[in-house]
Every structure is written in structure tokens, then in C-alpha cells.
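Asker: coordinates only, sequence not included:
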């Protein structure tokens with residue numbers, strides 16, 4: 001199939017990205033080169049930000065109000081629906097995630113935008129507040145142009161989520177996908193232009209760290225939403241600090257799972273393997289470090305081994321695949337180094353299944369040992385398993401290291417498990433499950449510790465892009 005041209009989108013129009021990276025995008029299933037890579041030039045990035053800034057300054061989008069923005073957002077949603085099959089295939093090639101999963105993401109992208117529009121309509125642009133009969137209103141005002149930096153593990157889902165809620169809030173935007181996974185974001189920009197959004201409201205630039213640095217350091221950018229690695233997040237926070245730019249950063253976390261003695265071991269193993277291998281193991285909230293009660297530790301390790309053996313390892317484009325390759329060679333090298341480091345600390349390495357000789361496959365792996373906390377975030381199908389004797393020790397270890405996004409507790413005693421979960425340093429703790437989706441339509445979670453700034457939840461995401469401004473008649477006769 002043809003691949004999208006590596007274009008830069010400015011003012012609703014595509015143009016060739018000026019910089020030849022000298023690199024290429026490769027098929028994670030075979031390692032074969034698929035297309036050459038290009039980046040936006042510094043001048044193109046400057047013009048993209050200028051376009052978004054101009055769109056914000058004259059109010060061509062924000063002044064429409066939620067009601068007049070909604071039909072255009074629905075047109076964008078329809079355009080995403082029409083591109084769902086192509087987006088699913090491109091995401092499977094850019095990320096290594098099995099196409100059965102990328103189809104789920106791609107088929108829901110349109111509904112993500114519709115949901116954002118519905119939330120904005122429900123909130124409105126302003127609301128009157130009680131003020132003894134005086135006209136006093138709280139207005140929801142976009143901060144200004146938003147920089148949206150997307151990861152490579154769920155390319156279209158993250159692009160659409162960030163863009164859809166920014167647009168619903170009335171913000172203009174400059175998107176920058178990961179250089180490893182640019183293709184579906186290009187289709188999102190194309191759908192936005194086709195939907196008839198005003199010029200300058202949606203822009204897209206391509207590139208790596210240099211492009212990202214120029215974007216987040218630009219004084220015209222008022223808000224930054226980024227999902228990615230912790231070192232990148234620290235660099236963005238440092239760049240944004242002098243201007244107090246509004247930040248939402250979802251970063252790394254080695255999410256712990258505590259398995260209590262009364263847990264259903266077979267069901268626990270199924271849930272842990274499912275969680276650790278979702279998105280080819282490249283899921284921010286996947287369980288990474290299992291702390292199992294000593295009484296059930298050995299049984300759990302064997303159950304995990306058995307469950308891993310049921311995975312169907314294969315091409316991300318194969319409908320029957322349940323575990324695909326990781327996204328690129330550098331990701332596989334880092335996983336290999338982490339596995340070897342855990343082995344050097346005394347962990348027993350258990351690899352399960354056979355991987356193809358070609359491509360960027362990493363075998364589903366257990367690292368079984370004592371107190372083997374990883375030094376950095378594991379991001380692939382590698383699961384550390386340790387034993388504990390006292391629950392207090394399990395909680396202490398679960399709350400150490402790079403944590404803060406998610407946690408898991410497994411037990412037949414739901415009340416005890418929930419109580420234990422409330423003690424974990426994490427924004428979301430699930431009992432007896434590892435699903436990707438939220439537990440409730442009202443879910444909300446903060447990014448604790450070094451896992452980021454801000455949090456998850458549709459309401460919180462919509463609010464991120466706006467500030468509140470109160471306007472009204474002052475109260476007479478106040479003493480001060």
C-alpha cells in the first residue's frame with residue numbers, strides 16, 4: 001500500500017517537509033525499509049506556530065463557541081471514520097501493535113472527537129454564578145496555541161485524543177507525532193482540513209528532538225500536552241518553566257502489581273500476562289513489576305509461564321497475532337539491555353515462545369528474582385516477578401522507584417484489596433484486572449511522582465486547555 005507523504009501541514013495545507021533525515025521508517029515485522037523519513041525545517045515550524053497563534057489571536061475558532069464548533073468537529077469525526085481502515089494498518093506498521101488492536105483504536109477515533117464536542121457543549125463557554133442578582137459569569141477561555149506531542153505506541157489514538165479535546169476547548173494546535181510513527185497523524189491533519197476547520201487551527205510538524213525543542217520553547221505556545229519518556233518530559237518542563245507554560249505530561253512508570261495469598265492464581269496470571277503484553281507490551285500503564293506473596297510465588301511464576309505460552313507471536317498485520325514486534329530496533333535493544341541487567345542482579349530469565357528471525361521481535365519474558373527493582377521504565381513484554389513476606393514490605397517496594405501512573409492488586413477479598421490499593425502511589429489502581437479502558441465514565445487520575453504532570457480523564461483533559469475568567473458587576477458596599 002502507498003504511505004502518506006511526509007508533509008508539514010500549515011494553515012490547512014500540506015507542503016513537503018524540507019529536511020531529509022537520512023533515515024527511514026522500517027517494517028517492525030521484517031526490518032525492511034518502507035519509506036524515507038523527512039522533518040519540518042525550523043522555518044516551517046515557525047510558520048506552523050505563527051498560524052496557530054494567528055488563529056488564536058483573531059478568535060476565528062474560539063469565538064465560534066461550542067455550539068458552532070460542534071458541527072465542524074463532527075465533520076472531522078466522520079473523516080476519521082472514513083479513514084479508519086487505513087489508519088489501523090499504518091498504526092500496526094508504525095508501532096508493531098497487532099492490527100486487531102489498532103482497528104479498535106482507529107474505529108473509535110471518530111467517537112473520541114464526538115465525545116469531546118459533547119462535553120464542551122454540556123459545559124458551555126460561560127455560566128452565570130450566584131451573585132445576589134448581579135450579572136456575574138465564569139468564562140472558559142482557551143489559554144492559546146497548544147503544542148501536542150504524541151508517542152509512537154498508540155499513534156492515532158493519542159493524536160486524536162489530544163487534538164479532539166484541544167479543539168473542543170477552542171484552542172488552536174500544532175501537532176508533532178513521534179518520528180517513529182508519523183503516518184496516522186498525517187491522515188488526522190488531512191481529515192481536519194477536509195472537515196473545513198478554519199485555517200491555522202490545526203497544524204502539523206514532523207521531526208525528532210530538535211523539532212520538539214523548538215516547538216515547546218516558542219513563546220507563542222501557551223499549553224503543552226506530551227506523552228512519552230521521562231527524560232523528554234523533564235526537558236520540556238525545564239524549557240517551559242521560565243514562561244510558566246501550562247503543562248500536561250504523561251511519562252514513564254514501572255507499574256507494580258501486588259498478588260496476595262488468597263488470589264485466584266490462574267485468573268491473576270491471565271490478567272497479568274494480558275496487561276504486560278497489550279500493545280506488544282508498549283502500554284504506559286502495563287504491569288511491570290509483580291510482587292507476589294511467598295506462599296503463592298512459585299505457583300504464580302508457573303501460571304505466568306503457562307499463560308505466556310498461549311500467546312500467538314507474529315506479524316502485526318496478521319489478524320490472528322496476539323503479540324507483535326516492538327516498534328523499532330532501538331526499543332528491542334533497550335529491552336535486551338534491561339533483561340541482561342536484571343540477570344546480572346541475580347534474576348532468573350524465563351523466555352517463552354519462539355519469535356521470528358526477522359523484524360524487531362522480543363520474546364515474552366519473565367525476570368524472577370529477589371528485590372530486582374528496574375532502574376528505568378520497562379516498555380515491552382518483560383515482566384519482573386519478586387516474592388514478599390509482609391504486606392507492608394510489598395507496599396514499600398511497590399511505592400519505590402519510577403512509579404506513579406498505575407497499580408494493581410489481586411485478591412479474593414475485594415475490600416482488603418481496595419484498601420491496599422489506596423496505599424499505592426499511583427493515579428489508577430485496579431483490583432483483579434488489567435484492562436486498558438477506564439473503570440468508570442467518571443474516571444479521573446493524577447500522574448503521581450515522576451510519572452508526569454496533570455492526569456487522565458476526559459473532564460480533566462478538556463479543562464487543561466482552558467482557563468477560567470470571571471466577569472461581572474462588582475458587589476456594592478464591600479468593606480474592603
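Answerer: Perfect, I can see it now. Keep in mind that this is a model prediction, so the values were computed, not measured. Residues are numbered from 1 along each chain as shown.

Asker: which strand or helix spans residue 112?
Answerer: helix 99-123 (DSSP states H and E).

Asker: pairing partners for the helix or strand following that helix, with directions?
Answerer: Downstream of helix 99-123, the next assigned helix or strand under DSSP H and E is strand 126-128. Each strand paired with strand 126-128, and its direction, by DSSP bridges: strand 136-142 (antiparallel).

Asker: partners of whichever helix or strand comes after the strand it pairs with, with directions?
Answerer: Where DSSP H and E defines the elements, the next helix or strand beyond strand 136-142 is strand 146-149. Paired strands of strand 146-149, with direction, are strand 173-176 (parallel), strand 223-227 (parallel) (DSSP bridges).

Asker: hang on, the earlier thing: check which helices and strands the helix holding residue 112 is in contact with.
Answerer: helix 65-82, helix 84-95, helix 155-168, helix 458-464 (3 or more CB pairs under 8 Å, 6 or more residues apart in numbering; DSSP states H and E). (Glycine included, C-beta is placed from N, CA and C.)

Asker: tell me which of these sits nearest to residue 2.
Answerer: Taking CB to CB, helix 84-95 is the member of the helices and strands packed on helix 99-123 nearest to residue 2, at 9.8 Å.

Asker: other SSEs contacting the helix or strand of the chain with the lowest mean pLDDT?
Answerer: Least confident element among the helices and strands of the chain, by mean pLDDT, DSSP states H and E: strand 455-456 (a mean of 90). Strand 455-456 sits against strand 445-446, with contacts defined as 3+ CB pairs under 8 Å, 6+ apart.

Asker: so residue 263 is in which element?
Answerer: Counting by DSSP H and E, residue 263 is part of no helix or strand.

Asker: could you list every residue that touches the residue lying closest to it once chain neighbours are set aside?
Answerer: The spatial neighbour of residue 263 that comes closest, neighbours along the chain excluded (CB to CB, 6 or more residues apart in numbering), is residue 410 at 4.1 Å. By CB atoms under 8 Å, 6 or more residues apart in numbering, the contact set of residue 410 is 257-260, 263-264, 268, 271, 417, 431-432.

Asker: now, the residues you listed that are in strands?
Answerer: The strands, defined by DSSP state E, take in 257-259, 431 from the contacts of residue 410.

Asker: let's have those residues in TSV, adding distance to residue 237 and neighbour count.
Answerer: Formatted as TSV, the ones in strands among the contacts of residue 410 follow (distance: CB to CB, whole Å; neighbours: other CB atoms under 10 Å):
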residue	distance to residue 237	neighbour count
257	29	28
258	30	27
259	35	27
431	32	18
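
Asker: which of those residues sit farthest apart?
Answerer: 259 and 431 (11.6 Å).

Asker: overlap of the contact sets of those two?
Answerer: With CB under 8 Å, 6+ apart, residue 259 and residue 431 have common neighbours 410-411.

Asker: make sure residue 172 is actually in contact with residue 197.
Answerer: No: the criterion here is CB atoms under 8 Å, and residue 172 misses it with residue 197 at 9.5 Å.

Asker: between the two, which one's more packed in?
Answerer: residue 172 (28 against 22; other CB atoms under 10 Å).

Asker: got a list of what the more buried one touches?
Answerer: 51-53, 55-56, 61, 142, 144-146, 166, 200-203.

Asker: and which of those is nearest residue 233?
Answerer: So of the contacts of residue 172, ranked by how close each gets to residue 233 (CB to CB), first place is residue 146, at 16.3 Å.

Asker: count of residues packed around the residue lying closest to that closest one once chain neighbours are set aside?
Answerer: Spatially, and ignoring its direct neighbours in sequence, residue 146 is nearest to residue 223 (4.4 Å; CB to CB, 6+ apart). A count of nearby residues for residue 223, using other CB under 10 Å, gives 24.

Asker: and what of the one 3 residues further on?
Answerer: Counted by other CB under 10 Å, the residues lying close to residue 226 total 27.

Asker: that one touches residue 232, doesn't it?
Answerer: Yes: Residue 226 lies in contact with residue 232 (CB under 8 Å); the separation is 7.2 Å.

Asker: coming back round to it: how about the strands paired with strand 146-149, which one is nearest residue 339?
Answerer: strand 223-227 (24.8 Å).

Asker: just give me the neighbour total for the residue nearest to residue 361 when sequence neighbours are not counted.
Answerer: In space, and not counting its chain neighbours, residue 361 is closest to residue 355: 3.7 Å by CB to CB, 6+ apart. Residue 355 has 16 neighbouring residues, counting by other CB under 10 Å.

Asker: and if you look at residue 86?
Answerer: Residue 86: 16 neighbours (other CB under 10 Å).

Asker: just residue 143 next, same as before
Answerer: 18.

Asker: likewise the one 10 residues further on?
Answerer: Here the number of neighbours of residue 153 (other CB under 10 Å) works out to 28.

Asker: test my guess that it contacts residue 281.
Answerer: No: the criterion here is CB under 8 Å, and residue 153 misses it with residue 281 at 9.5 Å.

Asker: need the overlap of contacts for these two.
Answerer: Contacts common to residue 153 and residue 281, judged by CB under 8 Å, 6+ apart, are residue 379.

Asker: just name the most buried of the helices and strands packed on helix 99-123.
Answerer: helix 155-168 (a mean of 27; mean count of other CB atoms under 10 Å).

Asker: packing partners for that one?
Answerer: Against helix 155-168 (3+ CB pairs under 8 Å, 6+ apart) you get helix 65-82, helix 84-95, helix 99-123, strand 146-149, strand 173-176, helix 183-194, strand 223-227, helix 458-464.

Asker: for the first one, name the packing helices and strands.
Answerer: Counting by 3+ CB pairs under 8 Å, 6+ apart, the packing neighbours recorded for helix 65-82 are helix 99-123, helix 155-168, helix 183-194.

Asker: tilt between the shortest one and helix 84-95?
Answerer: Yep, that's helix 183-194 we're talking about. When axes from the mean of the first three to the mean of the last three CA atoms, to 10 degrees is applied, the directions of helix 183-194 and helix 84-95 differ by 150 degrees.

Asker: list the buried residues in the helix or strand in which residue 276 is found.
Answerer: Element membership for residue 276 (DSSP H and E) is helix 265-277. Residues of helix 265-277 classed as buried: 265, 268-277 (neighbour count, 16 or more other CB atoms under 10 Å).
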